[in-house]
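> Mind looking at a prediction? Sequence and model below.
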Amino acid sequence: MNNIFFNKGYTDINPLQFGSEKCASGHTYGPHIRNCYLIHYVVSGKGKFYKKNFEAEVNVGQAFLIRPGEVTTYTADKDEPWEYIWIGFDGVVAKKLDGIKESVFSVDGRIFTDMLKVSKLENTKEEYLISKIFLLISNLFEGKNQKKELVEYLAGYIEENYFLRLYVKELADMANLDSRYLTRLFKSKKGLSLQQYIIDVKMKKAAMLIKDYSVAQTSKMVGYDDVFNFSKIFKKNIGMSPLKYKKYIKEQEK
């Protein structure tokens, strides 16, 4: 399976390719050079990964990292050829991977197997993979600040995807965490529950959009199909109805 995605030009994490393959005995790929970060996760079997002055066997549960500009070759074992899942991406946050000294490492395979669900999506493939790549990077840098980084990554995901209908349970599923635990974790780090953070981000964006768009249009643009519900939430968080706020903004500009 090999999926090609639209390059949507996301700044932080920008998915470019994704796929999986069950390789034939001794199958070799390379030498080849990449222009993005590429990570292969070994689902079964084993193989070898080569680059300049480096050679390593990669087994089940491990992954190997290819950085932009590196010339690499990888070969499936003759007796136990590997099956792997790969993801290729670039972006500002992706450069964090340059801080990893190892080219072969262990990683939570559930993140990769969850990525396979992208085949069921039609309109948000790239956005779904972005969430998984953030979790992958968090997993790779696991340590004292893991929980803090996870919260920051989710916060960034919410801010970039304010136009979607975002649900706590779906975000918890992305993070492979219980929704109640994630809510408590988020509140301990941000001072707000995850649900309130989602609302705050959407309403701040709505307050910017309402200046140039109707209430109905703004509602849709921040992920609310029900205009009445949107207006009620807007008033509760901003302090006045969308129409009054729109009028207030225009008066301030005079």
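Here it is on my side, so go on. Residues are numbered from 1 along each chain as shown.
> low pLDDT regions in this protein?
1-6, 142-148, 254 (pLDDT under 70).
> which residues in it form helices?
Here the chain has its helices, by DSSP state H, at 109-115, 125-140, 146-160, 168-174, 179-190, 194-209, 215-221, 227-238, 242-253.
> and those helices, which is most packed in?
helix 125-140 (a mean of 22; mean count of other C-beta atoms under 10 Å). Where C-beta positions appear, they are placed from N, C-alpha and C, glycine not excepted.
> so what does it touch, helix or strand wise?
Helix 125-140 is packed against strand 14-22, strand 83-90, helix 109-115, helix 146-160, helix 168-174, with contacts defined by 3 or more C-beta pairs under 8 Å, 6 or more residues apart in numbering; DSSP states H and E.
> Compare the ones you listed and give me the one nearest I198.
helix 146-160 (5.7 Å; C-beta to C-beta).
> what angle separates that closest one from helix 125-140?
Helix 146-160 runs at 160 degrees relative to helix 125-140, counting by axes from the mean of the first three to the mean of the last three C-alpha atoms, to 10 degrees.
> List the contacts of helix 146-160.
Helix 146-160 has contacts (C-beta atoms under 8 Å, 6 or more residues apart in numbering) with 10, 12, 130-131, 134-135, 137-138, 141, 166, 171, 174-175, 182, 185-186, 189-190, 194, 197-198, 201.
> relative to helix 179-190, how tilted is it?
Going by the same axes, to 10 degrees, helix 146-160 makes 90 degrees with helix 179-190.
> Between the helices and strands packed on helix 125-140, which one is closest to S214.
Closest to S214 of those, according to C-beta to C-beta: helix 146-160, at 23.7 Å.
> Tabulate the helices of the chain (CSV), appending distance to F89.
Below are the helices of the chain laid out as CSV (distance: least, C-beta to C-beta, whole Å):
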stretch, distance to F89
helix 109-115, 11
helix 125-140, 6
helix 146-160, 14
helix 168-174, 16
helix 179-190, 24
helix 194-209, 23
helix 215-221, 26
helix 227-238, 33
helix 242-253, 37
